[in-house]
Structure formats: C-alpha cells, structure tokens
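**Student:** model the structure of this input:
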Amino acid sequence: MSSATPHSTTPEILDASATAVNSSTPPLHKIRSRHVHIDDGNNLRERQWSTPGSGRPTRPPMVRSPSGYSAKSGYSRAQSSGTRTPIDPYSPRASISTFHLQHLLESLEMDQYDTFGIEELRDGFFDATFYRSTTHQDSDDDDEEEEDGEAMFGVNLGKLFRKKLRAQLEDTKFFFTATFGTRDGILLAKSFLGYFIAYILCLIPKTRTVLGDYSYWVTIAALFNHAGRTAGAQIDGTVGCIVGGALGLAVGTLALEVASSTAVSRAAYGGVLAAFVVPILAIIGWIRCSFLRLYQALITAGLALIFLCLVGTESIDQTGKWRRSMVQEFAIPWLIGLGISLVVNLCLYPETGGRAVATALHNAIDSALKALELPRPYSLEVHSNMSKQIVKLSDAVRDMRNEITFTSLRPADVDQLRILLQSVIRHIMAIKPGTSLFIHEHQHQTPTVGSNSASSHDIVIQIDPNNSLDDISIASSYENPLEIVRNTMAGPSRALIDAMAKTLHCCDNALMRIAGLSDLFDRDESSDVQSQQAELRSAMQRFDEADVSLMEHPDLPSSYSSHPDLVELFLFINPLRQSAAAVDSLATKVLQISQDPKSKSKRLFLPSYPLSKALYRANPQVLHDRGGASAGYYFRIKDEISNLMEKIHARPYEPDALASNGLKNGVKTVGIGGSEDGRTLRYRIWKVLHRLQQFETRFAVKVILVCGALSVPAWLNQSRGWWAEKDSWWAVVAAWIMMHPRVGGNAQDLVTRTIATLLGAVWGGLAAAAARAAGSASPYVLAVFAAIFMIPAVFRFMLSAHPRSGLMACLSFTVVSLSGRNHSGGHSPVEIAWSRGVALSTGVVAAVIVNWVVWPFVARHELRKSLSYMLLNLGIAYRGVIYLPRFRLCSHKR
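**Tutor:** Residues are numbered from 1 along each chain as shown. Take a look at the predicted model:
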C-alpha cells in the first residue's frame, strides 16, 4: 500500500534524497488554512532515520503533525524493512483523511493526547489514527470528591439521600407528564381499569363465591396480561396465557395423581411431587429464556404448576386424595381476568397496530428534515438521532409483521418504505454539513487577506514574506477553483436541498393521512407528492447540468492534492445528489401507496414474520414488563453474527476459475475416518453438549436451585402446617417471576424490589385493617385504597424504567388486601400482612441473590466480549477486502 517497496531503498539513499529536496526547495515559513497549521521552523514531516551498526533503526525523534500535536512514535513495520513510507504533504489521501481529523481536533489541547507508541505510516489509508481521550473533570466531580472525603465508611449518607430524593422527584414529574400530557395516560387508564374491574369482582360476595377461595388470581391475570398494549399483542398474550395455564394444570394434575395413586406414593408424596416439579420447572425455564415469544405462556405454566403442587397438598395426608377443585380455583379466575383485559383493550381506545410504525416513519422523516438544514455546524445530536431512528424504524416494522394488525398500511409496503427511508437517512448522514459552498449567501464583504477579521475558511499561503507577488499568485490560484465551484453549484444545490425537504414533508403528510393519525400532520399543508416529486426531478436535472458544466470547466486544476477545500466541496456535492435520488425513490413508493384504492380502508393482516425469527421476538410492552428489554434479541443477533463470521473465517479462498469449471461444487469436505465433516455421531454429541453450556442451561440450574429450595417446606411433615397456614408458597411464585436470565442482581435491585414489596404489603395491611374497622370488611374502603395505591404502582410496572419492582408492589398489595378480605373472620390484618409480605420478600431476595452470586451476568464483562467480537469481525472483513483484490491482481499479472 505504500509508494515505495520496503527493500528497494536504503536509509542512506533516503537521507540523500531528503537532503536534495531540502536544498532545492524554499523553506516553508507559514501555511495558514482551515485544516493545516504548521509552526515556523518545523517541517511538515520529520524524517530523521539513522541506522546503527546492528542494522536495526533507532527510535525516531518526536514527530510534528500538521495540527501541532506531539506524538511519541514507536517501533512499527518500518523496523523490519529499514525504511518508512514517504508521505507527500500534498497527498490527496492525506488531504481527505488527515485534514478532516485536524479540523475536528484543531481547538483541543493536543498535549493531552498520547499515541501509545503507535504511528501512522500508511499515508492516510483507512484513516488509522490513534488518539487517547482527554481527561476532564468538571466542578461537579470535584465537589463529589470533596464530599467523598468526608464520608463515613466510604458512604456519604447526605449525598446518597440527595441523589435518591432527586431521582424520586424526577420520577414523580415524569409520572404526571406521561399521565396527563402524552398518550401513555391512555395506556395507564386501560391497564388500571382492567385491574380495577377484576379487583371489584373479588369484593362482591356472589362473584367471590364463584371465583373460589383464591379469587385474587383474577386480578393477577388482569395485571400480568394488562390491557395497555396493542390489540394484536393482547390477543397473542391471551392465547399464550390460556395455553400455558392449561399446560401447567395438566402437568400438575398428573403429578398429583401419581403422588396419590398408591399407599407407597402417598407416604412419600413430597418426593414424588419434587421429582415432577423440579425437572419440569427446569425445562420451562430453559425454553422461557430461549424463546421470547413464549414468555407469557411459560410464566403462566409455571404459576399453575406451582399452585397445584404446593397448595392444598395436606389433603393427601388426611383423605389420601388431592382436591380436584384446585384446578377450577385457578382456571376460572385466570380465564375471567384474561377476558376482562381483552375486552377493555378492544373496547377502550383500541390500538390496532398501525400507530407505532406510522410514528416511527414520522420520526425518521423528521430527523432527515432536521439534517437537511444546511449549511450548519456538525451536530452529534442530529447524527445520533438519525442513527437511533433507523434502529427504531426497523424494530417497529418487525413488531408490526410479528402480530395481528388492522390498518390501512400493508406490512409489505411498510417494509419497502423502511428500506427506502433508511437509504435516505444514510445518504444524508454522508453529507458534510459544515460546507463553504454557500459562503456568499451570508457574506456581503470580503475580508482582507491576513487581517484579524479573516474567517476560518480563508487560506493564506506565505512562501516568502519578501515576495508579495508570489503570495498573490498562489492565493489566486487556490481561490479561483473554489469560486468556480461555488458560483456554479451553489444555486442548484440550494434549490435541490429545498426540493428534497419539501418532498420529504409531503411524503410525511401523505403517509400520516393514510394511517389516519391526525395529530401527526397539519391538514392545511399540502400532501401532493406527485407535483412535489416533479419539482424535485426538475431540481435534480438543473443540478446535473451544472455538474456537467463544472466538470468541463477549463480552469479547474488537474490534481486536487493541494486543494483540500476543493475536495471538501465535492464531498458535499456528490452525497447531496445521491440523497436526492434516494428521496425520489421514496416519493415514488409513497405515491404508489397513496394511489392504491385499498389504502383508503383498513384491513386485517395476520403475522407475516418468519417463525424462526418470530420465536425470538416479543411485543415491546411484553419485553418491557419482562425486564431487560433488548438483551435477549441482542444476544441472539450477536450469536448469529459470530457463527457467520466464524464460517467465513474458516472458509478457504477458492478462485473464481474453479467455480466456473464446476470444481467448486464437486469438492466435499472430508473429516476424520473418511466421513463428511459435521455428520459424525461424535460431532453431534459434542454440539449438543456445547449447546447445553450456554446461558439457558445455567438459568435452568438457578431456577432449580431457588424454586426447589423454597419449595422444600411444603413437602416435609414438620413444616407443612405453617407453610399452608401462612400461604408461604408465595415465596416460590415471587422467585419464579423475578428470576431473569439476562439481568444480573445487584444491591440496587435488591433494595428497590424489597422495599416495593414491603410497601405493597404494608399498604394492603392498612387497607384490610381500615376495611374491618369500617365494619364487615367494607369493600368500598378496599376499593378506595386500591385506587390510591395501584395507579402509581401500575404506572411503575408498565411505563417506568423499573417494571419488576412495580410488579412486586402490585402483587404484594393484591395478595395482602384480598387475603385479609377472604380471611376476615380468622387472622388479623397485621398477621396477614407480615406473613405474606415476608414470603414475597423472601422470594425476591432469593432470586436477586442467586442471580448475583451464581453465574452472574456482569454487563462490563459482556461489553468487553462484544468489543472483542467486533474487532475480530472487523479484522476478518478487512482481510477479505484487502486479500481478494491482491489475489486477483496477481492472477491477472500471471
């Protein structure tokens, strides 16, 4: 890749050539431009290279870069060859690569950077430059250090309290803003209404008789499959919960039948039930963390299995048979709760699946419109917003294809819109926003050359301060091509930018009208895509004509190596034209959709996402309620990429000549023993065992460890009495819900979830005590307490960044308050509150601690592994890009 072969030039010849060049070239005193700043008395590149007697070059001296930073150069590839690649200061590669970097770093203190002994010797190829980030501490960090110095035992209670107080105030503000200022308030109202209806049913004596002694399952079902999601996701969750509940009840019934079938099994029914529950929970846990689509079904299956095998088993000791009415006491309330949520979801402001993808399209177009406000300084916020909208649009389209939708936008059309719109955004991201092409639009006076008022875009080259004629000649030869490009392309470029922005705006209005989202478009604005597309194509034609006339201009230089600002202008003009072509393609598709008669009405679309991929995706609200919203899908994609890159890495290169002769398909890979590679029994066994070492098996082991240990008192004669009396089986339920395969435990999770659980239990105890004080366990008092507590609790569960603590708060309040209602003639509210609260807290603490200690998921470790995989994949791709052209070039030479 260098301009000189490594072994063809000796250091003596290189020093002699450098001396000859220096003797014939006038010294460079000062070059002042937008990108290059060279101090007086320093050459652009110092090439002092000596060869000691050993033949190994010594460490070169300090190198002075174009921006004036100091870099400690170390040994590199030049040590093996004895020479370095000569770098031309006017190389076009350096002007494009290095000059961009110097412009970004020209305002920084370059003495704070270190190259770690690595030096760029490739003349600007591949932009391989190594810098260390600056160390910066603001006044807030200093204040925190001072406070830490006064802390006791390493913990500053005052700072911790203020931090927690600020967080709670921000959460409260977010609660009111989201509830009353956004559409999230509608989702919250639907979720709470479904739960509150189910809660009221538990308070009515007649319906409570139908629901049974464990009537609170109706509220748990309405909460777990709440109504605050799309209609397609609600239907999918309802079906999944019904199937999962039936599966759990079937397995639990089989276990109880076997445990009570003979006298021997009845004598040791605890061991029989453990033999059923432990492996079944392990299998369900393995599938639960492997396939996100089955999450709700498998959670329900685990709840049904735990309920049957841990509750009411004392009847086997008394009568020799288990109570078959337990199946109804779970199934009937569960079905009613799911039905309530489904009815509320479909009847109250139903979301049929088109709003999410339409909003994603609107936000993506809006990000492109903001980026088209040219010229402007480079904004990391604008760039990051466009990248984020690309990802969100892809997720919205996948979610739309993964569920039942009732919308006027076809999933196939939306998928094509996603591809075209992402192409538009990527082309716009390639445009350099800080261009000098439109400098004459806001500049009415030309600043004096060399004066203090000169802008950063002016270039002043002083070869010899005593020769002003040479200065004027060089400056004019540099500025003349810039003015030619500006005068030729500024007008057509401005017209093209305006036409692109108007076309995107019309496309946005047209799509929002088709989707029926009146709050995302202005009815007074035009949505005539056809006329605006014609204007865009006219602007593109004028732009192309100006571009052709520019390329044929006789005063343009034949080489652009000494004109970095001219290269900058072309780097702005070419991506601009490509962006216009992408916008034209998008407008064509939008026009086709708007002219389709079927787009005038809504239609029902079934899921069209491939099943092999659909099993690893779930509705966004389900992922949020589960916790760790993007971890599962991220790791699945990472594994697929790793497997693909591993195959590419292990595949030998086969020339095209072999493939054309038919030899490529005729060659088979043969393994040991003459069998085809990958088909031996030993390899298959190894593959299965290797697969069982992944995180799914580890999660299944942790599930067995936690749920099995907490279930032991239910199967022992010594503890069976107080276990049933205190409803301690809720500890197993809490652990089953709180266990997560991809989110490790930490102190914050432990404290937050425990406090939320205890808070719900305390409030439920207060509600039960107040209801008894009002007389006959007043249902009105319980309803008021439920409304006061459950609105913020449901909000924390379904809309905040801490859903699992919100779920435990809802669960503990429901269990304690309704248990106090059902046992109004027995235990006191205080006893019910502390017994159920302790049981639920025990399950939460056990789940968090096991996740924390046993095979913990540490985010920083996963980050390091991911970065390592990324660098490996980049190396493989780099090898493929470099190796193949060289191989083909050598083949042509032969």
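
**Student:** please, which helix or strand holds Phe406?
**Tutor:** strand 405-407 (DSSP states H and E).

**Student:** no, scratch that, I was asking about Ser191
**Tutor:** Using DSSP H and E, Ser191 sits in helix 184-203.

**Student:** okay, buried residues for that helix please.
**Tutor:** 184-185, 187-199, 201-203 (16 or more other CB atoms under 10 Å). Heads up, the C-betas are built off the backbone N, CA and C, glycines and all.

**Student:** ok, now stretch 406-416?
**Tutor:** Buried residues in stretch 406-416, defined by neighbour count with 16+ other CB under 10 Å: 406-411, 413-416.

**Student:** pick out the most distant pair among those.
**Tutor:** Greatest spatial distance in the buried residues of stretch 406-416: Phe406 and Gln416, 20.3 Å, computed using CB to CB.

**Student:** in three-state terms, label Gly826 for me.
**Tutor:** Of the three states, Gly826 takes coil under DSSP: H, G, I helix; E, B strand; the rest coil.

**Student:** element containing Leu604?
**Tutor:** Using DSSP H and E, Leu604 sits in strand 603-605.

**Student:** what pairs with that strand, and is each one parallel or antiparallel?
**Tutor:** Neighbouring strands of strand 603-605 in its sheet, by DSSP bridges, are strand 405-407 (antiparallel).

**Student:** and after the partner strand, which helix or strand comes next?
**Tutor:** Scanning forward in sequence from strand 405-407 by DSSP H and E, the next helix or strand is helix 411-429.

**Student:** what residues does that next one touch?
**Tutor:** If you take CB atoms under 8 Å, 6 or more residues apart in numbering as the criterion, helix 411-429 is touched by 357, 361, 364-365, 367-368, 371-372, 383, 386-387, 389-390, 393-394, 397, 400-401, 405, 504, 511, 575, 578-579, 582-583, 585-586, 589-590, 593, 605, 608.

**Student:** in helices, which of those residues fall?
**Tutor:** 357, 361, 364-365, 367-368, 371, 383, 386-387, 389-390, 393-394, 397, 400-401, 504, 511, 575, 578-579, 582-583, 585-586, 589-590, 593 (DSSP state H).

**Student:** now list the buried members of those.
**Tutor:** 357, 361, 364-365, 367-368, 371, 386, 389-390, 393, 397, 400-401, 504, 511, 575, 578-579, 582-583, 585-586, 589-590, 593.

**Student:** returning to that earlier point: as JSON lines, the buried residues of stretch 406-416 with pLDDT and distance to Leu623 would be great.
**Tutor:** Output for those, formatted as JSON lines (pLDDT from 0 to 100; distance: CB to CB, whole Å):
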{"residue": "Phe406", "pLDDT": "93", "distance to Leu623": "22"}
{"residue": "Thr407", "pLDDT": "92", "distance to Leu623": "22"}
{"residue": "Ser408", "pLDDT": "91", "distance to Leu623": "27"}
{"residue": "Leu409", "pLDDT": "91", "distance to Leu623": "23"}
{"residue": "Arg410", "pLDDT": "92", "distance to Leu623": "25"}
{"residue": "Pro411", "pLDDT": "93", "distance to Leu623": "20"}
{"residue": "Asp413", "pLDDT": "94", "distance to Leu623": "26"}
{"residue": "Val414", "pLDDT": "94", "distance to Leu623": "21"}
{"residue": "Asp415", "pLDDT": "94", "distance to Leu623": "21"}
{"residue": "Gln416", "pLDDT": "95", "distance to Leu623": "26"}
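
**Student:** just the residues you listed now: which is nearest Thr814?
**Tutor:** Of all the buried residues of stretch 406-416, Thr814 sits closest to Phe406, with 32.6 Å by CB to CB.

**Student:** what's the separation between the closest one and Asp596?
**Tutor:** Look at Phe406 and Asp596: by CB to CB, to the nearest Å, they are 17 Å apart.

**Student:** the helices in the stretch 601-750 of the chain, which residues?
**Tutor:** Using DSSP state H, counting those that start in this stretch, the helices of the stretch 601-750 of the chain run over 611-614, 620-626, 631-650, 656-660, 663-666, 681-691, 695-711, 720-725, 730-738, 747-774.

**Student:** for the stretch 701-850 of the chain, what are the low-confidence residue spans?
**Tutor:** By pLDDT under 70, the weakly predicted segments of the stretch 701-850 of the chain are 744, 824-825.

**Student:** again, only using 80
**Tutor:** For the stretch 701-850 of the chain, applying pLDDT under 80 flags the ranges 742-746, 776-777, 823-827.

**Student:** hmm, back to that, please name every helix or strand in contact with the helix holding Ser191.
**Tutor:** Applying 3 or more CB pairs under 8 Å, 6 or more residues apart in numbering; DSSP states H and E, we find helix 184-203 packed against helix 157-181, helix 205-211, helix 217-224, helix 325-347, helix 779-798, helix 803-822.

**Student:** possible to save these as CSV with distance to Arg426 and mean neighbour count?
**Tutor:** Below are these laid out as CSV (distance: least, CB to CB, whole Å; neighbours: other CB atoms under 10 Å):
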stretch, distance to Arg426, mean neighbour count
helix 157-181, 32, 12
helix 205-211, 56, 13
helix 217-224, 41, 27
helix 325-347, 37, 20
helix 779-798, 34, 20
helix 803-822, 34, 26
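
**Student:** can you lay out those as TSV showing distance to Ala263?
**Tutor:** As requested, these are exported to TSV (distance: least, CB to CB, whole Å):
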stretch	distance to Ala263
helix 157-181	58
helix 205-211	35
helix 217-224	33
helix 325-347	22
helix 779-798	46
helix 803-822	34
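
**Student:** nearest to Ala255, out of these?
**Tutor:** Closest approach to Ala255 among those is made by helix 325-347 (12.2 Å; CB to CB).

**Student:** what is that closest one packed up against?
**Tutor:** Checking 3+ CB pairs under 8 Å, 6+ apart, helix 325-347 ends up next to helix 184-203, helix 205-211, helix 217-224, helix 231-259, helix 295-310.

**Student:** let's see 6 Å
**Tutor:** helix 184-203, helix 217-224, helix 231-259, helix 295-310 (3 or more CB pairs under 6 Å, 6 or more residues apart in numbering; DSSP states H and E).

**Student:** list of residues touching it?
**Tutor:** Residues from elsewhere that reach helix 325-347, judged by CB atoms under 6 Å, 6 or more residues apart in numbering: 190, 193-194, 197-198, 211-212, 214-215, 217-218, 221-222, 225, 227, 231, 234, 238, 241, 245, 249, 304, 307-308, 312.

**Student:** show me how far that helix is from its chain's centre.
**Tutor:** A distance of 35 Å separates the centroid of the chain from that of helix 325-347, by CA atoms, centre = their mean, to the nearest Å.

**Student:** so it versus helix 217-224, what angle?
**Tutor:** With axes from the mean of the first three to the mean of the last three CA atoms, to 10 degrees defining the directions, helix 325-347 sits at 40 degrees from helix 217-224.

**Student:** kindly export helix 325-347 (C-alpha atoms) in CSV.
**Tutor:** This file holds the C-alpha atoms of helix 325-347, laid out as CSV (Å, rounded to 0.1, in the frame of the first residue of the first chain):
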residue,chain,number,x,y,z
SER,A,325,-61.4,-28.4,42.8
MET,A,326,-58.0,-26.7,43.0
VAL,A,327,-57.9,-26.9,39.1
GLN,A,328,-61.1,-24.8,38.9
GLU,A,329,-60.0,-22.4,41.6
PHE,A,330,-57.0,-21.5,39.3
ALA,A,331,-58.5,-21.9,35.9
ILE,A,332,-61.8,-20.0,36.3
PRO,A,333,-60.3,-16.8,37.8
TRP,A,334,-57.4,-16.9,35.4
LEU,A,335,-59.8,-17.1,32.3
ILE,A,336,-62.0,-14.3,33.7
GLY,A,337,-59.0,-12.0,34.3
LEU,A,338,-57.7,-12.6,30.8
GLY,A,339,-61.2,-11.9,29.3
ILE,A,340,-61.5,-8.6,31.3
SER,A,341,-58.2,-7.3,29.9
LEU,A,342,-59.1,-8.4,26.4
VAL,A,343,-62.4,-6.7,26.4
VAL,A,344,-61.0,-3.5,27.9
ASN,A,345,-58.2,-3.5,25.3
LEU,A,346,-60.5,-3.9,22.3
CYS,A,347,-63.3,-1.5,23.5
